[in-house]
Structures are given as structure tokens and as C-alpha cells.
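**Q** Sequence unavailable; structure follows:
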């Protein structure tokens, strides 16, 4: 006897309960072998004082089932509330966000009838680490963190996903013409790992021109792998130009856990109007069924959904006088899908999922940290100072040590000393670089900072400067 798979579900806020009820109805009628555990997340939990929108006991269910089907939630207005999605992704190690974007032409309007791509987005790092500071009255900072192990595992996932799903090409989006170290690391790992997949076409685009090509000719892409922020933006763009954000599903995959959700929000204005489209959450649940090894049910339910779309039975958001035949509500749409169980579309491409290949678990390969020689050769001291950078330089030169000399001062990445253009915008946030001619110890750094402090200079942040295997591991300022 085949055992049911336990999963954790959350009905969420806004239209969440309506679309979750419709989705579960389809899954039940399709014969999904599930044992459901329900947790409460979202607005109720935020207002109870749980700043991440989830009560501590809910984690017990998630750790037990390891699979989370989640409806959208509402985050109350005001400060102090943390994103539940980000919290869940980081807590459970859900490093890969997978978002298919498929056109259903001519039944759902799109200018790109041949579009069929998947965006694989790194899910934990980049600016979404959420490390921010206000350092002066003028300047706030957000740290962009890209790690080698994080980049390796998302690249491995993207290439393996393409291979497993008979995709032909993997494209990397980066901005390493500007961010040469962070995006440069991401890009270099893509190039290195791509050599292990000779049967796949590999290409890279700077994200701005890549986004333009995606908007104009999305059919040219197959699997896109990219960083957190780029992926977040572009996956929504891709879903919309495919037809509608409202019909896009998403999976968040880790080594042990997985979360599945629609990409749209809780849409509080649509609550109890029987107009919400459950397709986004439903298609996420299809991805879930594949993940837990129920590809037979995933194929049955997905083909029934495609047939329903092909028959012109549409909810309000995708209804068109020219391509639709019947406008239905949330539950009526679910019932129409159930009525088409066992059928396959005639014009749209029917899906066929490999019953033997379960995508239930993807275990990243062990990370092997490279052996690199690291030498400390300087420090950037960030100083709160308003005025002529030359005056600041004069003060700092009096603080130099035997080994550390002031080399440059910059503001917002643009050099302001020893050369400064009168058009350059100055602010109170000054990056003051001290370099040594040979490797130094931390004691020399402390000696410099003590001298700066003794002069009453307000330093607010420091960054050590290193050589890795003899190469500078820090960026230059613009104009340097």
C-alpha cells in the first residue's frame, strides 16, 4: 500500500483561503496522496507580536513534513515586520527559487506565443541578506554578499535542472562590468561549472541588455540562472509577459526542505468576490507533486488544467471577449479542472512527467574551500566629515603610521582626493584608503585607528584590504 506524503499547508490571508481551498479540491479529486497539516501564518501572527509572521510551534510541522504549500499572506503596514518568505527561505535553507514562465497562446493573451522558460534564482544571498546600516546623516548602506558556496550550489541546481527536464540552454544574468568582484565571482563559477555540461548551450548577458532581450524575445531563453535581486524582478516580468503574474507558480528548493507558492500577493481587495484565480497556487502544487514523487498525479492534474484553459473556461483576470468562452469564479474554475481530469489539451502542449525521476531531493555536492594565501595590506576607514576633502586629507596624513599611508579619499565610490572635479557631489560619507607597501599585522591597523581617534576624527566603519594569492581583493574608486 502506497503511503500518503505529509505536507504542511497555510491558507494565508486575503484571497489565500479561497485559492487554497480550490487547489486542494483539485488535488484531492486527482488522487493526490497527501496528509495535510495546517499552520497559521501571516497577518494574524504579525498582529500577535510575531515579527516574522509565523509562530514558533509552526516550525515543528515544517521540520516534520519538510514540504510547505503556502498561500499568499498580508504583511501589516509599518516598520518592524520581517518578510516571512525571506525568513522561511533562510531558516529552511531554500536556496533555489524556480519560476517557470510559459505562454498559453492563443487562449491567454501574450505577445510571445512561443515563450517557455524557467528562471532559477539564488534565494538567500545578494542584497536580500538584508544587512543595512545608516552610517551618517547623508548615507545608508546595504551590503551585497555573494559567496562561493552559495554560487556553486545554485549553479549546480540550474544545470542539473536543465539536464533533468530536457532543457537545451542555460543563460547567466550578471552585472560584472560594474560589480567585478561579487557578480564576477558568480559569473566565473557559471563558466567553470558549465564545462561539466558539454551537452548544454551556455551563454551570459549583462543583466540590463539581458532584461531587454527577455522582454523582446523571451523565446530565445530556456533556463536563466541569476542572483537574488535580478531574479526576483525578472521572474515577475517574465510571468507577466507570458500572460499574467496571477497564473505563475513558484518553488523554493533546499537540500532537505521545499516551499511552494503562487508568486502574486494576497489581493485584499478581491476577498470574497469569487474572482480570484487559483492557477498560480495550483501550478505551484503541481511542482510540489513532482518534488514528492507523485509525478503521475502532477501530470493528470496539469493536463486537466491545460484542457480547461484551452476550453476557454477562464477567471476574470484572464478572461477575454475574443479568446474566452466562459467566465467563472474561483471554485467553479476548480470544478472545471476536475471535470477535465483524464483529458489532454489538443492545441496546447500536453505535459508528460517522468514517473521514475523524482525531483524530491537535490543534495548539493560538498563544498571544497580553496586554499588561498591572504595578506593584509591596508584599510579603508569611513569617516563622517563635511567639508573640503583636502582638509580631511591633511588631518589624516598627520595620523599615518610607518607602514600605512593615505592613498585616496572617495565619496560614494568616486574619488575626491588627491583629485576632485568641482561637479562631483560631496557628502558626509568619506572612504579613506590607507595602504602599505608590504603585508602588515592587525596591530598596525589598531595603531592607525588610535591616532585617528586621538585627533577627534569621527570614523564610522572600517574595511580591511587584502591580497588573495598576491592579487588585490578590493575595488578601486571611479576616477582613480
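**A** Done, it's in. Since this is a predicted model, take the numbers as computed values, not measurements. Numbers count the residues shown, from 1 in each chain.
**Q** how distant is stretch 105-121 from the center of its chain?
**A** A distance of 20 Å separates the centroid of the chain from that of stretch 105-121, by C-alpha atoms, centre = their mean, to the nearest Å.
**Q** what does stretch 148-155 give?
**A** On C-alpha atoms, centre = their mean, the centre of stretch 148-155 falls 13 Å from the chain's centre.
**Q** Please point out which parts of that stretch sit buried.
**A** Using 16 or more other C-beta atoms under 10 Å as the test for burial, stretch 148-155 gives 150, 151, 152, 153, 154, 155. (Each C-beta comes from the backbone N, C-alpha and C, glycine too.)
**Q** same deal with stretch 106-121?
**A** 107, 108, 110, 112, 115, 116, 117, 118, 119, 120, 121.
**Q** Please apply the same query to stretch 180-189.
**A** 182, 183, 184, 185, 186, 187, 189.
**Q** Tell me who's in contact with the nearest residue to residue 58 once chain neighbours are set aside.
**A** Sequence neighbours aside, residue 39 is the residue nearest to residue 58 in space, at 4.0 Å (criterion: C-beta to C-beta, 6 or more residues apart in numbering). Listed by C-beta atoms under 8 Å, 6 or more residues apart in numbering, the contact set of residue 39 reads 8, 9, 10, 54, 55, 58, 61, 62.
**Q** gap between the two ends of stretch 241-259?
**A** 25 Å (C-alpha to C-alpha, to the nearest Å).
**Q** nope, stretch 134-147 is what I meant
**A** 24 Å.
**Q** so how far is it from its chain's centroid?
**A** With C-alpha atoms, centre = their mean, you get 20 Å for stretch 134-147.
**Q** quick one on the thing from earlier: in helices only, show me the buried residues of stretch 148-155.
**A** Counting by DSSP state H, these place 150, 151, 152, 153, 154, 155 in helices.
**Q** and which of these is nearest residue 375?
**A** residue 151 (24.1 Å; C-beta to C-beta).
**Q** isn't residue 75 right up against residue 43?
**A** Yes: using C-beta atoms under 8 Å, residue 75 is in contact with residue 43, at 7.4 Å.
**Q** Pull up the overlap in contacts between these two.
**A** Counting by C-beta under 8 Å, 6+ apart, the residues touching both residue 75 and residue 43 are residue 53.
**Q** More neighbours: which of these two?
**A** residue 43 (20 against 17; other C-beta atoms under 10 Å).
**Q** tell me the SS of residue 85?
**A** helix (DSSP: H, G, I helix; E, B strand; the rest coil).
**Q** give me every residue that touches it.
**A** residue 261.
**Q** ok so, going back, which of the contacts of residue 39 fall within helices?
**A** Per DSSP H, the contacts of residue 39 map to helices at 58, 61, 62.
**Q** Of those, just say which sits nearest to residue 273.
**A** residue 58 (28.8 Å).
**Q** Could I get the pLDDT score of that closest one?
**A** Looking at residue 58, its pLDDT is 93.
**Q** heads up, I number from 26, so please use that
**A** In the new count, where the first residue is 26, that last one comes out as residue 83.
**Q** quick one, domains of the chain?
**A** Using automatic domain parsing, the domain parsing of the chain gives 26-120+268-383, 136-254, 399-497.
**Q** Mind putting these into TSV with distance to residue 260?
**A** Formatted as TSV, the domains of the chain follow (distance: least, C-beta to C-beta, whole Å):
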stretch	distance to residue 260
domain 26-120+268-383	7
domain 136-254	4
domain 399-497	29
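**Q** between those domains, which one is nearest to residue 261?
**A** That would be domain 26-120+268-383 among those, by C-beta to C-beta, at 6.0 Å.
**Q** Dihedrals phi and psi, the residue nearest the centre of the chain?
**A** Computing the C-alpha centroid of the chain and ranking residues by C-alpha atoms, centre = their mean puts residue 253 first, at 3.4 Å. Backbone torsions for residue 253, taken as degrees, to the nearest 10, come to phi -60, psi -60.
**Q** ditto for the one 10 residues further on
**A** Dihedral angles phi and psi of residue 263 (degrees, to the nearest 10) take the values phi -60, psi -40.
**Q** Could you report the neighbour count for it?
**A** 27.
**Q** any idea of the pLDDT on it?
**A** Reported pLDDT for residue 263: 97.
**Q** Which residue, neighbours along the chain excluded, lies closest to residue 229?
**A** Per C-beta to C-beta, 6+ apart, closest to residue 229 is residue 197, 4.5 Å.
**Q** shouldn't that neighbour be in contact with residue 210?
**A** No: using C-beta under 8 Å, residue 197 is not in contact with residue 210; the gap is 12.0 Å.
**Q** Show the contacting residues for the residue nearest to the centre of the chain.
**A** 146, 147, 148, 149, 150, 151, 152, 153.
**Q** Quick check: the third one touching residue 119?
**A** Yes: between residue 148 and residue 119 there is a contact at 5.7 Å, judged by C-beta under 8 Å.
**Q** Same drill for these two, tell me which one is more crowded.
**A** Set side by side, residue 148 and residue 119 show more neighbours around residue 148, with 27 against 22, by other C-beta under 10 Å.
**Q** Against residue 62, how distant is that one?
**A** Applying C-beta to C-beta, to the nearest Å, the value for residue 148 to residue 62 is 24 Å.
**Q** circling back to that earlier point, nearest residue to the residue nearest to the centre of the chain other than its sequence neighbours?
**A** residue 151 (3.6 Å).
**Q** quick one: contacts for that neighbour?
**A** Counted by C-beta under 8 Å, 6+ apart, residue 151 has contacts 169, 170, 171, 252, 253, 254.
**Q** Let's see the pLDDT reported for it.
**A** The model's pLDDT for residue 151 equals 95.
**Q** Name whatever forms a beta bridge with it.
**A** Beta-bridge pairing for residue 151 (DSSP bridges): residue 170.
**Q** Pipe the contacts of residue 151 into CSV and attach distance to residue 410 per row.
**A** Listed next are the contacts of residue 151 as CSV, based on distance: C-beta to C-beta, whole Å:
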residue, distance to residue 410
169, 25
170, 27
171, 30
252, 33
253, 34
254, 31
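**Q** Much appreciated, bye for now.
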